[in-house]
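1. I need the structure of the sequence given here:
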Amino acid sequence: MRVNPATGLIRRKVSRRALLKTCASVGGFSTLANRFPFLKLASADMLRQAGQRSARIKMPAKNHVCVIGAGAFGGWTALYLRRRGVVVTLVDAWGPGNSRASSGGETRVIRGTYGPSQPYTKMAARALQLWDEHEQRCNRQLLHRTGVLWMATAGDDHFERGSLPLMREAGIAYEELSAAELEKRWPQINLEGVRWGIYEPKSGFLTARLACQTVLQAFLSEGGEFKHAAAVSRDLDGGKWEVLELSDGSTLKADQYVFACGPWLGKLFPVTIGDRVRPTKQDVFFFGTPAGDDRFSERKFPVWADHRDRFIYGIPGNDGRGFKVADDTRGPDFDPTSGERQVSADGLRAIRDYLGFRFPAMKDAPLLESRVCQYENSPDNNFIIDRHPQRENVWLAGGGSGHGFKHGPALGEMLAELIVDQKNSDPMFRLGRFRK
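-> Predicted structure coming up:
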């Protein structure tokens, strides 16, 4: 390991054998966490420029890229850039998986059911492959294949029906189950109002915080550099800055910059992004299961989603943390830096009512834990992946909109290719789509 006393950059390069040995140790990643205790809308002209770029010459691998944000988008992008031979500096204000980040917390769902006419089922299929590869590299389980169950109501099942052709095309395993088959397999569910279901046997949940930390560990072991600092927002949108100013008074100069700052992206780029990334408060609850009853554990119960009146979802088990339940409905606006992370009494009451209805054995279950995270929503819930309209060497990546975490490795692989090969992103991810 080498530390530059002038910049505070951390650089470490170890062999693959040493990496596997380190990852295999139980305390390896907790030790890492202790060492890094963080971690007006654009004009029509600007957006038109964003949609009219031609192909570019491949970027020399020796070039230096600075990635700001060590969450699901930034961490994976930094890692895949490094694997393409690029010199990479990763910067984060509080560190990977921190409690303020959209990528923090205990668990995230990974699934292929996404409705019709979208690219995310295919991305999820690729992400599943890359999560497997990452687990093998670090010898650590991050993906728990409990299966994912989607309950389709007797009313509108357009979302579920529209998902099936895309899952077949992407090669994501699934079963169509009738209400009778659902009841036989999971009698602990009250299936009132449910007509049929989709079961994805090879999907499940990811351990979010731990996953972010393992990505940083891999990045460092493969020669990446990390700096614990925040990017200063002064005139980033103007396009005339020469170096990136950091909160510790230092500066970074790179050939390319990637801003993957989650809910802070709009604050750093108030003109180009602004409220096109809107952070919302999302309450999450963990309930205690009945004593000696393992029917709601990850061994017996899948991740589930219910499109009844509202989109409610849940994750079982996770090493005894409780039965996780959350409402996917977008909450009120939230400041991810200074917002008080306390769940609302009304939200808890509504979730309790739902829990007792859908899972009768969990009626009056004690609340073990609660958490406030945030979504970072784009207006159409699609990702934002594009160059800054006034800076060809500045990439913006955000708008995870509550579903981005699972795609981290696939998105990072894709964005690294776009940067190195100087390609344009898919039009549906570009800023130009917001042109009116």
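2. Next one, pLDDT for Ser15 please.
-> pLDDT, Ser15: 43.
3. correction: Phe405
-> For Phe405, the model assigns a pLDDT of 98.
4. Who's the closest spatial neighbour of it, skipping the chain neighbours?
-> Closest residue in space to Phe405, ignoring its immediate chain neighbours: Arg108 at 4.2 Å, by CB to CB, 6 or more residues apart in numbering. For glycine as for every other residue, the C-beta is placed from the backbone atoms N, C-alpha and C.
5. and the one you found, how many neighbours?
-> 23 (other CB atoms under 10 Å).
6. Tell me if it really is in a strand.
-> Yes: the assignment for Arg108 (DSSP: H, G, I helix; E, B strand; the rest coil) places it in a strand.
7. What residue spans form the domains of the protein?
-> Listed by automatic domain parsing, the domain ranges of the chain are 2-104+208-277+381-434, 143-205+279-375.
8. List the beta-bridge partners for the residue nearest to Phe405.
-> Beta-bridge pairing for Arg108 (DSSP bridges): Leu206.
9. taking the mean pLDDT, what do you get for stretch 70-86?
-> Across stretch 70-86, the average pLDDT comes to 98.
10. can you check stretch 152-161 too?
-> Averaged over stretch 152-161, pLDDT sits at 90.
11. likewise stretch 246-254?
-> The model assigns stretch 246-254 a mean pLDDT of 97.
12. Could you give me the buried positions within that stretch?
-> Leu246, Ser250, Leu252, Ala254 (16 or more other CB atoms under 10 Å).
13. From the residues you listed, which land in helices?
-> Using DSSP state H to define helices, no part of these is located there.
14. Determine which two of the residues you listed are furthest apart.
-> Of all pairs drawn from the buried residues of stretch 246-254, the widest gap by CB to CB lies between Ser250 and Ala254 and measures 13.2 Å.
15. Put the alpha carbons of the helix or strand that contains Lys227 into CSV.
-> Using DSSP states H and E, Lys227 sits within strand 222-228. Provided in CSV are the C-alpha atoms of strand 222-228 (Å, rounded to 0.1, in the frame of the first residue of the first chain):
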residue,chain,number,x,y,z
GLU,A,222,-6.4,-4.2,-8.4
GLY,A,223,-4.5,-0.9,-8.2
GLY,A,224,-7.2,1.7,-7.8
GLU,A,225,-6.9,4.8,-5.6
PHE,A,226,-9.5,5.9,-3.1
LYS,A,227,-9.9,9.3,-1.5
HIS,A,228,-12.3,10.1,1.4
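16. Now do the buried residues in that strand.
-> For strand 222-228, a neighbour-count test (16+ other CB under 10 Å) marks Glu222, Gly224, Glu225, Phe226, Lys227, His228 as buried.
17. Can you list the strands that it pairs with?
-> Note on strand 222-228: by DSSP bridges, its sheet partners are strand 10-13 (antiparallel), strand 87-92 (parallel).
18. Those: lowest mean pLDDT?
-> strand 10-13 (a mean of 45).
19. residue boundaries of the strands in the stretch 151-300 of the chain?
-> 175-178, 194-200, 204-207, 222-228, 244-245, 251-252, 256-259, 278-287 (DSSP state E, counting those that start in this stretch).
20. Quick one: closest of those strands to Lys122.
-> strand 194-200 (14.5 Å).
21. Packing partners of that closest one?
-> strand 148-153, helix 158-170, strand 175-178, helix 179-185 (3 or more CB pairs under 8 Å, 6 or more residues apart in numbering; DSSP states H and E).
22. Take those and lay them out in TSV including mean neighbour count and distance to Gln141.
-> Supplementary listing: those in TSV, determined by neighbours: other CB atoms under 10 Å; distance: least, CB to CB, whole Å:
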stretch	mean neighbour count	distance to Gln141
strand 148-153	24	17
helix 158-170	17	23
strand 175-178	14	24
helix 179-185	14	25
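23. Sketch out the low-pLDDT regions of the stretch 151-300 of the chain for me.
-> Along the stretch 151-300 of the chain, no part satisfies pLDDT under 70.
24. and which of the buried residues of strand 222-228 is nearest to Leu177?
-> Checking these against Leu177 with CB to CB, the nearest one is Glu222 at 42.9 Å.
25. what ranges do the helices span in the chain?
-> For the chain, applying DSSP H gives helices covering 16-24, 28-35, 44-50, 72-83, 120-138, 158-170, 179-185, 208-221, 265-268, 345-358, 408-420.
26. what inclination does the strand holding Lys227 have with respect to helix 120-138?
-> If you take axes from the mean of the first three to the mean of the last three CA atoms, to 10 degrees, strand 222-228 sits at 100 degrees to helix 120-138.
27. from the chain's centre, how far out does strand 222-228 sit?
-> 21 Å (CA atoms, centre = their mean, to the nearest Å).
28. can you check stretch 356-376 too?
-> For stretch 356-376, the separation from the chain centroid amounts to 22 Å (computed by CA atoms, centre = their mean).
29. do the same with stretch 166-185
-> Counting by CA atoms, centre = their mean, stretch 166-185 is centred 25 Å from the centre of its parent chain.
30. Make residue 1 into 812 and carry on from there
-> Right, with 812 as the first residue, what we last looked at is stretch 977-996.
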